[in-house]
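Asker: predicted model, plus sequence, below.
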Amino acid sequence: MRTASRFTFWIKGAQALALAVAMCFSMGASNASSRFNDLSHRLMCTCGCAQLLGECNHVGCTESGRERNELSAAIASGATDQQILASFAAKYGATALAAPTTHGFDLVAWVAPFAVFAAALLGTILLVRRWSIGKTQAVAQAPDPAMDALREKIRRETGAGNDGGFSA
């Protein structure tokens, strides 16, 4: 009996949690101003200022007002977010989108930075391993009498002291 009441407690708790999560995600989803804010931050102003459409504030911008009006009209007409983004990309080019799409060749823009980072990390690891292997092999080698004689000759000719520095 006790396990059944615990089970129903957890089921009701999970249902309440699912309802709370659904409410949080759906809040503002149908609000036109929140959609406008979201979409205007996913589009770039096409005047060349390199700012998001929702943030374009430079004096004398001839494009942002017209594009914002166009975005408001598209939202009012009931177009989906993807349709609006696609229409802006078709009209103004792919540079109107703040982020590249995840389809086709645009996927390279998402993958390339991570691939370059991974390749650089791998190269660094291999280089450090090569350096450390070279040092351990150099330390493990037996002293060479010919090299010791050459070092002593260089010390005598250059006037280097026993501490490795030059004497004045």
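Answerer: Okay, I see it.
Asker: I'd like the mean pLDDT over the top helix by length along the chain, please.
Answerer: Longest among the helix segments of the chain by residue count, using DSSP state H, is helix 107-140. For helix 107-140, mean pLDDT is 86.
Asker: give me the below-cutoff pLDDT ranges for this structure.
Answerer: 1-2, 22-30, 134-141, 161-168 (pLDDT under 70).
Asker: could you chop the protein up by domain?
Answerer: Structurally, the chain divides into domains by automatic domain parsing as follows: 2-103, 107-158.
Asker: including mean neighbour count, could those go into a markdown table?
Answerer: Using the backbone N, CA and C atoms, a C-beta is placed for each residue, glycine as well. Listed next are those as a markdown table, based on neighbours: other CB atoms under 10 Å:
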| stretch | mean neighbour count |
| --- | --- |
| domain 2-103 | 13 |
| domain 107-158 | 10 |
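Asker: to the chain's geometric centre, what's the distance from the longest helix of the chain?
Answerer: Taking CA atoms, centre = their mean, to the nearest Å, one finds helix 107-140 lying 20 Å from the centre of the chain it belongs to.
Asker: helix or strand right after it?
Answerer: helix 145-158 (DSSP states H and E).
Asker: next one: that following helix to chain centre, how far?
Answerer: Shown here is helix 145-158, whose average C-alpha point lies 55 Å from the average C-alpha point of the whole chain (CA atoms, centre = their mean).
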